[in-house]
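Undergrad: fold the following, please.
(chains A, B and C)
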Amino acid sequence: MAARPPLSSLRRQPAVLGLLAVLLLVLVSTTGLKSVQAVAAEPVPIRVLMPAPLADAVAGPVARFNASGSGVALEVIRGPLDTETISDLAISSLLLGEAPFDLLLVDVSWLAKYVAAGWFLPLERWFGPEVLAAMEPGARLGNGLGEHLWRMPLTGDTGLLYWRTDLMERPPRDTEELVAISRDLQRRGRVRWGYLWQGRQYEGLSCVMVEMLQGFGARWWDDATARTVLDSPQAVAAAGWLDALLRDGVSPKAVANYAENDALQSFAAGEAAFLRNWPYAWREIEKGGGPVKGKVGVTSMVGAPGEQGGGTLGTWGLSLIKGSPHPEEAVAVIRWLTGPVVQRQLAIEQGYAPTWSRLYDDPDLQRRAPLLAVQRQALRHPQLRPLTPAYAQLSDLLARQVNGMLTGQAGPDQTMATAQRQSLQVLRSVAGTPGSPPGSPPRSP
Amino acid sequence: MSTASGAGLELRQLCREVGERRLLDRLDLHVAPGECVALLGPSGCGKSTTLRLVAGLDPASGGQVLLDGEDLSERGPGERQVAMVFQSYALYPHLSVAGNLELGLQVRGMAVRERQRRIDATLDLLQLGELRHRRPAQLSGGQRQRVALARALLRQPRIVLLDEPMSNLDAQLREDLRPELRRLLCGREQPVIYVTHDQQEAVGMADRIALLEAGRLQQVGSPRELYTNPANRFVASFLGRPAINLLSIEPGRQLGLRPEHLHLSEDGAVAARLLRREWWGHQQLLWLDSQWGTLRVLTAPETATPQEPRLSWQRQHELWFDPQSGARLLH
Amino acid sequence: MRTRSSSLLLILPALVLLAAVFLYPLLRYGWLSFHASSVLTGLVPVPNGGANWGRLLDDVRFWTDAGQTLRFAICSVALELLGGLALALLLHRPLRGRGPLRALTLLPWALPTTVMALGWRWILNDPHGPLNAAIRSLGGSSYGFLSTPATTWFFVVLADVWKTMPFVALLLLAGLQTIPVDLEEALRLEGASRLQILRRLTLPLLVPYITLAVLFRLAQALGVFDLIQVLTGGGPAGSTESLALYAYLNAMRFLDFGYASTVMLATFLLLLVPLGGGWLLLRRAGLERTTERAA
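TA: A predicted model of the protein is given here:
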């Protein structure tokens, strides 16, 4: 591997460094970094940066790990809970060159950018093919890029379809059934709305689009050409289906401003027959004790008739920061934190989907984590967001265009044509040419 | 010296105090219609204070300002129909000469045609027509003063106040302007108060002079009255250049003798020694040392001066003062 | 008399400094804006034939942010000018304890923006901030002031006005103090009311100071970054994102320095339009009157 070309060329940009200093000051002062744990008699310190909810979720296992006398003092840094904010924090530390952490909990949508920046060490030295083979097929996705393994997955969450067991006997098999059931229930006055989902202009809408594109036989990203293909007839049909949901009143117009929680609240109040959300929503509904408690079923996301549907992959995993002074100890921490003990606890306490196949076969865990079967089902056909370092920009413009369509600014044809045109412009602008291979290693200057 | 319902401007027991400081102490003064009274005195004597009280710019602590028997004390500065020429001229820097004249008429809502008529007439009177589009910054000092004067006259005021209107001009210009200023200001209907610290200007401009010191009126009268018959030592020494000689001849009495009243004579009563001679062309000033200190003597320029002359004077020119209070002693 | 060349020599150090801190980065951004320089190129600039500028013209986010930035700047500066003028007139009057009062009003301006923005974020926090605590104690329920675009925008403007109004007030106060008192007295003697004095005398004479304040503040407000970064991060849903923040995100979040340079340069060029326009407009309104010198 070339020795950090990106960083050295960054150091030559004083304006950038000045901005970084400001950002760091801001972020550190706003997030109030706190350490959860620090124990040791001369043990090797290993620090891992995680979003606060996940850091809290693993606090118990971390304490046990530190007490086990492994020679490592594991310290979990609680980062901000917003995905973008914690990524900004991580990037600003990494750009300065001396990251104050050895491990980073990485969202699947960041991976390509971080890998291209050259901030991670590949993990295949420690985790061979046989390790991944013991995981569910969907959980293996989004960890490798090019020839290397960059991330060990901790969770295997996907988008799921929630349905009301009190309103229908079985969940819909495809998008047409979903609409038909919805309209029937609405006509009979059983429920106000049919389907609730995330239509706000943000990453959640991109996740919905990933599912719909796949469900209609379209693709967002073509790995072979490293280009977007958003203007295919199938892609327009997918966008058109979402647009029709609002126009026909199956979904409320307000969906155009819904994030996960807005949709969940409305569904939990009994206002709709279907909901698109992540696994955590089930616990929220059952815990909340609202009118639909005990009346909610979960299934994997549907596609158009004859097409294979599937949920967007929203997994977290641990990556090793290049330049960590103790890579061996850090890998031991990865092994422990992504191991079955921790994943079991996360499944029971937080509802996160495990990645190890044998956890899905565990009858005790099946009993204590009722979504397990559905989650395993969903991991059979998961949908991956485009694995390109330019994903954030592509996702932003797609969400913007689709949200514009939902608020009536343009039809599906024009929306997807614009999104495609803008995507190619972004790729040309970012890469020089539209279509350099994804995640290609950075060239040395 | 005035009656309650007299015409003109009357100040009665006018006072101004700021905190503990008494800036003006019970001033009584009457200015007849068409009369120009100069307020004269060193800086801080209360002359500008008086002017601001008459204009209504500062509140009086006591006393009254009457105009033609009418009490102005309760009226604001905008309602007194007072025109004032400021020491700085206070021309509006963002407006042309014509604009400076017009603004006051505008704020009082005068019709455009009437405004134009008055402005044209006033500019003609002061020969400012060619400068009407200039800004104040583009005018000379004398021109600015004329604009300020024009602005004051334009509004046909009932009282005209001038606050050191010539102190920013050079000496030559000051002398040249005096007759013109008198022609424009005095002898009209309004009483005029003219504030200055320059006695020449006061003598040149005013019908009467009111001399102030430390907030108190010392004496008021014609220039001749004040010069020949001063009420006290301050009046005697303030007026007249070179200043009066003060001789402590006897205990309890101080003798004032003006330099022009001392004569060189063989049989003079006082022996002196010549220190220095200033030759002024029309006169010469001698500085002499005597047993009562240094004396100033004015003589004709050709008068021969011995090194040790003797001095004499006429009794009628003697002015006697109380050495402590400075009050005039009459005998 | 100084010769032309010797006066040029005298301003040379200033010119060199200006070129180093201003011209060089500008030229560098200009050059970089015709290159791809991102993680995909290993941060090595690769010519991309003007693709950045083509992308910019079609970039909805850029133009949305441009509109938002302009709206923020116009509203903030207008409110700051009105409030600052009122405050300056108040502080100009002879009041007891005027000195300490002046110092006190300057306090918000002396606070670092990040600290100030953090303070506002705490005040507006849902549900733990004092504002929501007050609403609850009055029987209402907590409101997400920073999760609704309209209220967020309102508080961003309010925070900016709160912070920079004292600066505008101070500038105008300095202007008020250059106006000789006797000008006002002369107009009072003419029978003018307070309002007439303000309109006919004070405001025209303040024009150079108002111009300065508006241009200065407009330039600052159009480049707003730290306040928004800390208070809202550009949210909710990008509704308060400014151009400066977008340029920053392109560099820091997207690691795309070629496009970040393009956005920065385009922002600079866009700033020139309102600034130049404002300058010409105010200049025509009377700046030259008071800068004229006697012939």
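
Undergrad: do you know the pLDDT at the closest residue to chain C within the stretch 201-331 of chain B?
TA: In the stretch 201-331 of chain B, no residue comes nearer to chain C than residue B:201, which is 20.4 Å away by CB to the nearest CB. To be clear about C-beta, it is placed using only N, CA and C from the backbone, and glycine gets the same treatment. pLDDT for residue B:201: 89.

Undergrad: same thing with the one 3 residues further on?
TA: According to the per-residue confidence, residue B:204 scores 87 in pLDDT.

Undergrad: tally of neighbours for it?
TA: By the criterion of other CB atoms under 10 Å in any protein chain shown, residue B:204 has 17 neighbours.

Undergrad: now do the helices in the stretch 101-250 of chain A.
TA: Secondary structure of the stretch 101-250 of chain A (DSSP state H, counting those that start in this stretch): helices at A:111-117, A:129-133, A:137-140, A:175-187, A:203-215, A:233-247.

Undergrad: how many other residues sit next to the residue in the stretch 101-250 of chain A that chain C sits nearest to?
TA: At 3.8 Å from chain C, residue A:116 is the closest residue in the stretch 101-250 of chain A, using CB to the nearest CB. Using other CB under 10 Å, residue A:116 has 26 other residues around it.

Undergrad: what of the one 4 residues further on?
TA: In terms of burial, residue A:120 registers 21 neighbours under the definition other CB under 10 Å.

Undergrad: for it, give its distance to residue A:99.
TA: Distance check for residue A:120 against residue A:99: by CB to CB, to the nearest Å, it reads 11 Å.

Undergrad: again, but for residue C:114
TA: Distance from residue C:114 to residue A:99, by CB to CB: 23 Å.

Undergrad: the longest helix along chain A vs helix A:233-247, what angle?
TA: Criterion DSSP state H: the longest helix present in chain A is helix A:412-431. Relative orientation of helix A:412-431 versus helix A:233-247 (axes from the mean of the first three to the mean of the last three CA atoms, to 10 degrees): 120 degrees.

Undergrad: okay, and for the chain, where does confidence drop off?
TA: The chain I'm using is chain A. Residue ranges of chain A with pLDDT under 70: A:1-41, A:434-445.

Undergrad: should've been chain C
TA: Across chain C, the ranges flagged by pLDDT under 70 are C:1-4, C:285-295.

Undergrad: mind listing the strands for it?
TA: C:35-36, C:46-47 (DSSP state E).

Undergrad: what packs against the first one?
TA: Here strand C:35-36 is seen to pack against helix A:412-431, strand C:46-47, helix C:51-57 when contacts are counted using 3 or more CB pairs under 8 Å, 6 or more residues apart in numbering or on different chains; DSSP states H and E.

Undergrad: chain center to the second one: distance?
TA: When C-alpha coordinates are averaged (CA atoms, centre = their mean, to the nearest Å), strand C:46-47 and its chain have centres 35 Å apart.

Undergrad: for the residue nearest the centre of chain A, which non-adjacent residue is closest in space?
TA: Nearest to the mean C-alpha position of chain A, by CA atoms, centre = their mean, lies residue A:314 at 2.5 Å. Among residues not flanking residue A:314 along the chain, residue A:157 sits closest, at 4.8 Å (CB to CB, 6 or more residues apart in numbering or on different chains).
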